[in-house]
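>>> okay, structure incoming, though there's no sequence with it:
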Ligand SMILES: C[S@@+](CC[C@H](N)C(=O)[O-])C[C@H]1O[C@@H](n2cnc3c(N)ncnc32)[C@H](O)[C@@H]1O
């Protein structure tokens, strides 16, 4: 069987699997060497795979008008008429079909179909956050989201809703596996991998550019704010360039690089308030948070230390100071210390102007956290709350950070949090990273990560005017609350 004939069969099957019960990928896949993502693509310009077709058909309950539209839109001429059969993809088959496609090399983060979406976005176009519990007023949701929730999602049977969550979990798992695989290859220069998901895969040498390309293709390598495609110095993606660049404060609303990348913006104000409160929430009763458990909270804790990494516009630091002032008046015998680490000279100059160096019990450490944290560790200072929000760093840097701060968080009543912009320019990637962070923290450090899901109501159509790149495009913000896992005691 030629590849063309095989692919034609594959797509007919994806449109209507129950009409082709005998179709087996494995029968001919090996013969035609079907292992890479290109082999699944209907048309390379449209980048739409059999899995996109399968998912979209399932979600649309067998109504295939979208597929006709898709063919016309992309001016596709196919060798054979596709049968527009009125047969639905069944709830109990879809997971097995997707698993099979993944086992034959389907790549998890491809965008395709009419709307150029990832598989995850076909299932939950606005991410998992809007279908799970969140804080905030539903009325503020965008009309498009409301209409999807109320007119589309609400109409699905409960069995179908369950299946959609199962599909989404599978897709997220595939994303996490790809990230973990990429990371371990980078770390250990592994040459061969055996028995991944039941197959024997020989990857060859990681230095082989072909292998590296394949793995990188599957990895997201997210940054807190991603770099625009430009020939200018890459300030958002490269720390050295960033630290040597000039920054500009635009009133009290923005901090920008000369490339107009946003280092910090005022729309994050609400998130900074939530973050500042959460740093004290395991030691004191803060509004909107459950009371700290008196069994595990160290009530004799008289020295309260909070650390913020990355000053930016000082929004979170201002809220931390407000909290300290309030708590100091309630607990006059306790000592409160506020540490700040900041690396950029222009930001340090701004801090100077605003008197941060003169404030009582505020300790500013000038330099990168990579160089400053050790001195705190050496002085045996333990923290009730640590917050991380830098710029031009990657998730790799956060993994490095975990190694150090694990020894600095108070065991009983300490908490770590960060501005969660990981993968936040795509709802599906944001959901994958949400789970990956949880897994990383628990597996390696025994830390428990839960999230407060809060609606983002401070971004509007003008927010990104004049900014080179929108770095947050999700309706729900996942605020991480990371503590030692006392449940395992
Ligand atoms: C997004 S801003 C922080 C905003 C802050 N949360 C606020 O409320 O205004 C990021 C800050 O981290 C600083 N930064 C970037 N890399 C750093 C590093 N490695 N160590 C310390 N500070 C860093 C930047 O210069 C910038 O001031």
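Looks like it arrived, so ask away. Values in this document were obtained by computation on a predicted structure and should not be read as measured data.
>>> and residue 137, how far from residue 278?
Residue 137 sits 21 Å away from residue 278, going by Cβ to Cβ, to the nearest Å. To be clear about C-beta, it is placed using only N, CA and C from the backbone, and glycine gets the same treatment.
>>> go on, residue 264?
Taking Cβ to Cβ, one finds residue 264 at 19 Å from residue 278.
>>> who's more crowded, those two?
More neighbours surround residue 264 than the other of residue 264 and residue 278, with 25 against 22 (other Cβ atoms under 10 Å).
>>> which one is that one nearest to, not counting chain neighbours?
Nearest non-adjacent residue to residue 264, counting by Cβ to Cβ, 6 or more residues apart in numbering: residue 312, 3.7 Å away.
>>> which SS state does the spatially most central residue of the chain fall under?
The residue lying closest to the centre of the chain (Cα atoms, centre = their mean) is residue 430, at 2.9 Å. Classification of residue 430 using DSSP: H, G, I helix; E, B strand; the rest coil returns helix.
>>> need the strands for this structure, in chain order.
Assigned by DSSP state E, the chain shows strands spanning 193-196, 199-201, 247-250, 254-257, 262-265, 303-309, 335-342, 362-366, 385-388, 415-418, 447-455, 476-484.
>>> close to the ligand, is the fourth one?
I take that to be strand 254-257. No: shown here: strand 254-257 not in contact with the ligand (Cβ under 6 Å from any ligand atom), separated by at least 6.8 Å.
>>> just the pLDDT for the residue nearest to residue 264.
On pLDDT, residue 312 comes in at 98.
>>> quick one: it and residue 406, what's the gap?
Using Cβ to Cβ, we find residue 312 at a distance of 25 Å from residue 406.
>>> the two - which one has more neighbours?
Legend: neighbour count by other Cβ under 10 Å for residue 312 and residue 406, higher for residue 312 (24 against 15).
>>> how about low-confidence regions in the stretch 51-200 of the chain?
The stretch 51-200 of the chain contains residues with pLDDT under 70 at 74-88, 114, 188-200.
>>> where do the helices sit along it?
65-73, 91-103, 119-123, 143-147, 158-188 (DSSP state H, counting those that start in this stretch).
>>> for the ligand, which of those helices is the nearest?
helix 158-188 (20.3 Å; Cβ to the nearest ligand atom).
>>> tell me the buried residues in the closest one?
Judged by neighbour count using 16 or more other Cβ atoms under 10 Å, the buried positions of helix 158-188 are 160, 163-164, 167-168, 170-172, 174-179, 181-183, 185-186.
>>> in contact with the residue nearest to residue 303 when sequence neighbours are not counted, which residues?
Nearest non-adjacent residue to residue 303, counting by Cβ to Cβ, 6+ apart: residue 335, 5.0 Å away. By Cβ atoms under 8 Å, 6 or more residues apart in numbering, residue 335 lies in contact with 302, 303, 304, 361.
>>> which of those are buried?
residue 304.
>>> between the contacts of residue 335, which is nearest residue 452?
Closest approach to residue 452 among the contacts of residue 335 (Cβ to Cβ): residue 304, at 21.6 Å.
>>> just the closest residue of the stretch 101-250 of the chain to the ligand, please.
residue 239 (6.1 Å).
>>> where does that residue land on pLDDT?
We have a pLDDT of 91 for residue 239.
>>> for the residue nearest to it when sequence neighbours are not counted, the count of nearby residues, please.
Once flanking residues are discounted, residue 239 sits nearest to residue 392: 4.9 Å by Cβ to Cβ, 6+ apart. Neighbour count for residue 392, taken as other Cβ under 10 Å: 25.
>>> phi, psi of residue 392?
In this entry, residue 392 is assigned phi and psi values of phi 60, psi 30 (degrees, to the nearest 10).
>>> please report the distance of it from the ligand.
6 Å (Cβ to the nearest ligand atom, to the nearest Å).
>>> do residue 364 as well
With distances taken as Cβ to the nearest ligand atom, residue 364 is found 11 Å from the ligand.
>>> need the contact list for the closest residue to that residue other than its chain neighbours.
Distance criterion Cβ to Cβ, 6+ apart; nearest residue to residue 364, sequence neighbours excluded, is residue 340 at 5.0 Å. Contacts here follow Cβ under 8 Å, 6+ apart; on that basis residue 340 touches 307, 308, 309, 311, 317, 351, 356, 362, 363, 364, 365.
>>> quick one: contacts for the residue nearest to the fourth one when sequence neighbours are not counted?
Just to be clear, that refers to residue 311. Sequence neighbours aside, residue 342 is the residue nearest to residue 311 in space, at 4.2 Å (criterion: Cβ to Cβ, 6+ apart). For residue 342, the residues meeting the contact criterion (Cβ under 8 Å, 6+ apart) are 310, 311, 348, 351, 364, 365, 366.
>>> picking that back up, wait, the residue nearest to residue 239 touches residue 238, no?
Yes: in this structure residue 392 lies within contact range of residue 238 using Cβ atoms under 8 Å: 6.2 Å.
>>> model confidence score at residue 299, please.
For residue 299, pLDDT reads 57.
>>> residue 367 too?
98.
>>> contacts only, for the closest residue in space to it that isn't next to it in sequence.
Closest residue to residue 367 apart from its sequence neighbours, by Cβ to Cβ, 6+ apart: residue 343 at 5.8 Å. Neighbour list for residue 343: 243, 366, 367, 368, 369, 390 [criterion: Cβ under 8 Å, 6+ apart].
>>> quick check: the residue nearest to the centre of the chain vs residue 262, distance?
Counting by Cβ to Cβ, the gap from residue 430 to residue 262 is 18 Å.
>>> might you enumerate the residues of this structure proximal to the ligand?
By Cβ under 6 Å from any ligand atom, the residues of the chain that approach the ligand are 263-264, 272, 309-316, 341-344, 347, 368-370, 389-391, 393.
>>> mind checking which of the residues you listed are in helices?
272, 315, 316, 347, 369, 370 (DSSP state H).
>>> so which of these is the most crowded?
residue 316 (28 neighbours).
>>> let me see the ranges of the helices in the stretch 201-350 of the chain.
Under DSSP H, counting those that start in this stretch, the stretch 201-350 of the chain gives helices at 209-218, 239-244, 269-280, 315-330, 345-353.
>>> highest mean neighbour count out of those?
Comparing the helices of the stretch 201-350 of the chain by mean neighbour count (mean count of other Cβ atoms under 10 Å), helix 269-280 ranks first with a mean of 22.
>>> and that one, how far out from the chain's middle?
From the chain centre to the centre of helix 269-280 is a distance of 19 Å (Cα atoms, centre = their mean, to the nearest Å).
>>> just the residues contacting it, thanks.
Here helix 269-280 makes contact (Cβ under 8 Å, 6+ apart) with 286-289, 304, 306, 315-316, 319-320, 322-323, 327, 384-387, 389, 415, 417, 419, 452, 454, 457-458, 477, 479, 481.
>>> cool, and stretch 351-359?
Residues contacting stretch 351-359 (Cβ under 8 Å, 6+ apart): 311, 314, 317, 321, 338, 340, 342, 362, 364.
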